[in-house]
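1. Sequence first, then the predicted structure:
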Amino acid sequence: MQWKARQLSAGYSGKVILDNVNLDLEQGTFHVILGLNGAGKSTLLRTLAGLQPGISGQVIAGERPLASISLKEQAALRSIVLSGRQDVVGGLLVEEVLQMAMSVNNNTEENKNRIVGLLHIEAFRNRRLHTLSDGEFQRVMIARALLQDTPFVFMDEPTAHLDVVARIELMQLLQHLPEELGVGLIITTHEVELVAQAAGHFIIIDADRNVHAGDADWLKREHMISRTFGGDKVRYDEAQGRFYTS
Amino acid sequence: MRSYPYKISGLIILIGILFLADLLIGSVYISFQNIWNALLSGNTGADPVSVIVWQTRLPRILAAVLCGLALPLAGLLMQTFFRNPVAGPDMLGITAGAGFAVAMVTMGLGAASLSLVGNMTMITAAVAGAIAVLVLMLLVAGRLRDHISLLILGLMLGTAISAITGILQYFSNREALKRFIMWTFGSLGGVTWEQLAWMFPFILIGIIVAWSMTRSLNLLLAGETYAVSMGLPLRKTRWLLILVAGLLTGTITAFCGPIAFIGIAVPHVARLIFRTTDHRILIPGSMLAGVCIMLLCDMLSQAPGFEFVLPVNSITAIMGAPMVIWLLFRNNNLRQYF
């Protein structure tokens, strides 16, 4: 199935942040939303995922407008991962967290073992969340999202607050998830250097809050990273794929 | 984990023991043998022992049991939904609403003709007051964006209503005032079989609906955004919560008066006993622990060995406050539950 935005305006309480967004998101593809702080990455992701209503236009899941789909049905179509610990109760067992999501689409034990293995969380299945490191916690939340068994998964800065090792490992893992599981994965991130080399679909919000989208070739050909993030003080070296101070 | 069945069974046995012990306690000493015989021979009314057991002690104890089931359950729901360890069933303004209505009939209208204000009138007033606030909260709940606003609304409403009750108290005569104050002390002793029959179905409905919300309550532990993303119907849950907590609290308050602290304290006791966040365990756990504690409070309020009876509302608070303080010191990781 496809997940689409058509003439979508996103924002808060009538204040438009992003206007006239048109996107086509595919299953089996790694989608990355990039942009500077305050550009509206999270707003776009949350609106696409149905966590906040759009101001005008439509998000379309498959053939139906997302707004016309009940919360219960939405839960079977998309799962989410947020950054950090949010307000998840620390006393929950990892196993309990996984069970919560499994009941949404009646997922199987077999699938569970596979995803637990994929995320390397076997060792702490019987621990409580507050005993986990931030990196371990986030892997549990990602396993939970995947166990919801939805065609699309939305992640809002999944690597925020993690140390450098955990960030690199997790981003590697995320890049390969769509291919491995056939899900459409959409993430917002500040890890430009980590994702710029990935094969995927890039959604760039520029300084004027225009939304551009294209594949990895387009990203390089149009120098999108330099144009979006480069400036007087910071320069992006396309050959190295790294930022330098000017 | 695997110790849940043992703990549940332990609590049930404890309830049995406390229930029988409570039957022994009262202003008159009756031997266990006589009480047992009176129990077995049914509600005959043939001799004084039978009358005391069947008309005084059993209804009082059953009222304590209903309080122990209803108030902790309402408290647990409130604490989970509002993610607040000090949330309790009286925070929706329902107790205050019942109190205000009782104040109206005892002091506002009945001041001149207090003798006309019987028990039934006070109960009817309390029910009406509780329902009025409940309906108001249900109507407003759909319009509020987040549940913190709902909690504040309940608190403000309760405070404002109590203040008006205060004004009524200020202007009322001594006799009416005393009548009202007596009501605020709470009483399990005045509950009759007929009233128990009224309370039971409402509390049963409350328990059944609460049990049906188990998955929603567990989802809420993942925080509101994650819960909604996994299909939690937030508005419906909020609505059901107010309805259930209101029904349970309103029923108890109407027939027994305000019973303090049990709703706030007991869910914490259940968390400490069972060490889980799972509502499939916490719901029965809170109810069973609640019955034990209410039976204990009832025994203490009978003040064994003395001529008088203590107000149950004070006993529950005297028991409840140190219990929560003790929990805070013992269980310094209370945070992991909220």
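-> Okay, I see it.
2. Beta-bridge partners for residue A:215, please?
-> Beta-bridge partners for residue A:215, by DSSP bridges, are residue A:201.
3. From residue A:225, how far out is it?
-> As defined by Cβ to Cβ, to the nearest Å, residue A:215 lies at a distance of 14 Å from residue A:225. In this view, the C-beta of every residue, glycine as well, is placed from N, C-alpha and C.
4. So which of these two has more stuff around it?
-> Taking other Cβ atoms under 10 Å in any protein chain shown, residue A:215 and residue A:225 do not tie; residue A:225 has more neighbours (22 against 13).
5. Please give me every residue in contact with that one.
-> A:34, A:192, A:196, A:219, A:236, A:238 (Cβ atoms under 8 Å, 6 or more residues apart in numbering or on different chains).
6. That one: which element?
-> Element membership for residue A:225, per DSSP states H and E: helix A:224-229.
7. ok, and for that helix, which residues are buried?
-> A:224, A:225, A:226, A:228, A:229 (16 or more other Cβ atoms under 10 Å in any protein chain shown).
8. Would you convert those residues into a markdown table that also reports pLDDT?
-> As requested, the buried residues of helix A:224-229 are arranged in a markdown table below (pLDDT from 0 to 100):
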| residue | pLDDT |
| --- | --- |
| A:224 | 93 |
| A:225 | 93 |
| A:226 | 92 |
| A:228 | 92 |
| A:229 | 93 |
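9. and those residues as TSV, adding distance to residue B:137?
-> Shown next, in TSV, are the buried residues of helix A:224-229 (distance: Cβ to Cβ, whole Å):
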residue	distance to residue B:137
A:224	52
A:225	53
A:226	56
A:228	49
A:229	50
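10. Between which two of those residues is the distance greatest?
-> Comparing all pairs in those by Cβ to Cβ, the longest separation belongs to A:224 and A:229, at 9.2 Å.
11. Can you classify residue B:153 as helix, strand or coil?
-> Under the three-state scheme (DSSP: H, G, I helix; E, B strand; the rest coil), residue B:153 adopts helix.
12. count of neighbours near it?
-> By the criterion of other Cβ under 10 Å, residue B:153 has 18 neighbours.
13. from what I can see it touches residue B:138, true?
-> No: taking contacts as Cβ atoms under 8 Å, residue B:153 lies outside contact range of residue B:138: 11.8 Å.
14. Quick one: mean pLDDT for the helix or strand following the helix holding residue A:225?
-> Sequence-wise, the next helix or strand downstream of helix A:224-229 (DSSP H and E) is strand A:234-237. For strand A:234-237, the mean per-residue pLDDT is 91.
15. May I have the strands that pair with strand A:234-237, each with its orientation?
-> Its sheet considered, strand A:234-237 pairs with strand A:242-245 (antiparallel) by DSSP bridges.
16. Using CSV, list the CA coordinates for the partner strand.
-> The C-alpha trace of strand A:242-245 is given here as CSV (Å, rounded to 0.1, in the frame of the first residue of the first chain):
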residue,chain,number,x,y,z
ARG,A,242,30.8,15.4,6.2
PHE,A,243,30.3,18.8,7.6
TYR,A,244,33.2,21.2,8.1
THR,A,245,33.5,24.7,9.6
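17. For it, list every residue counted as buried.
-> Buried residues in strand A:242-245, counted by 16+ other Cβ under 10 Å: residue A:243.
18. For it, which outside residues touch it?
-> If you take Cβ under 8 Å, 6+ apart as the criterion, strand A:242-245 is touched by A:192, A:193, A:229, A:233, A:234, A:235, A:236, A:237.
19. From those, keep the buried residues only.
-> Going by neighbour count (16+ other Cβ under 10 Å), the contacts of strand A:242-245 have A:192, A:229, A:236 buried.
20. Check the stretch 1-150 of chain B for the residue nearest chain A and tell me.
-> Relative to chain A, the nearest point of the stretch 1-150 of chain B is residue B:83 (6.7 Å; Cβ to the nearest Cβ).
21. Return the residues in contact with that residue.
-> Residue B:83 is in contact with A:87, B:220, B:338, counting by Cβ under 8 Å, 6+ apart.
22. rerun that using 10 Å as the cut-off
-> A:87, A:89, B:147, B:148, B:151, B:220, B:221, B:223, B:224, B:337, B:338 (Cβ atoms under 10 Å, 6 or more residues apart in numbering or on different chains).
23. Can you flag the buried ones in those residues?
-> Taking 16+ other Cβ under 10 Å as the criterion, what is buried in the contacts of residue B:83 is A:89, B:147, B:151, B:220, B:221, B:223, B:224, B:337, B:338.
24. The fifth one and residue A:137, how far apart?
-> Right, residue B:221. For residue B:221, the distance to residue A:137 equals 14 Å [Cβ to Cβ].
25. Ok, the second one next?
-> Using Cβ to Cβ, residue B:147 is found at 24 Å from residue A:137.
26. got it, and the last one?
-> Computed as Cβ to Cβ, the residue B:338 to residue A:137 distance reads 17 Å.
27. Where does residue 58 fall, secondary structure wise?
-> You didn't pick a chain, so chain A it is. In this assignment (DSSP H and E), residue A:58 forms part of strand A:56-61.
28. You answered for a different chain; I wanted chain B.
-> Residue-wise, residue B:58 maps onto helix B:58-82 under DSSP H and E.
29. Is the helix or strand hosting residue B:199 in proximity to chain A?
-> Secondary structure from DSSP H and E places residue B:199 in helix B:193-212. No: if you take Cβ under 10 Å from any Cβ of the partner chain as the test, helix B:193-212 misses chain A, and the best it gets is 14.8 Å.
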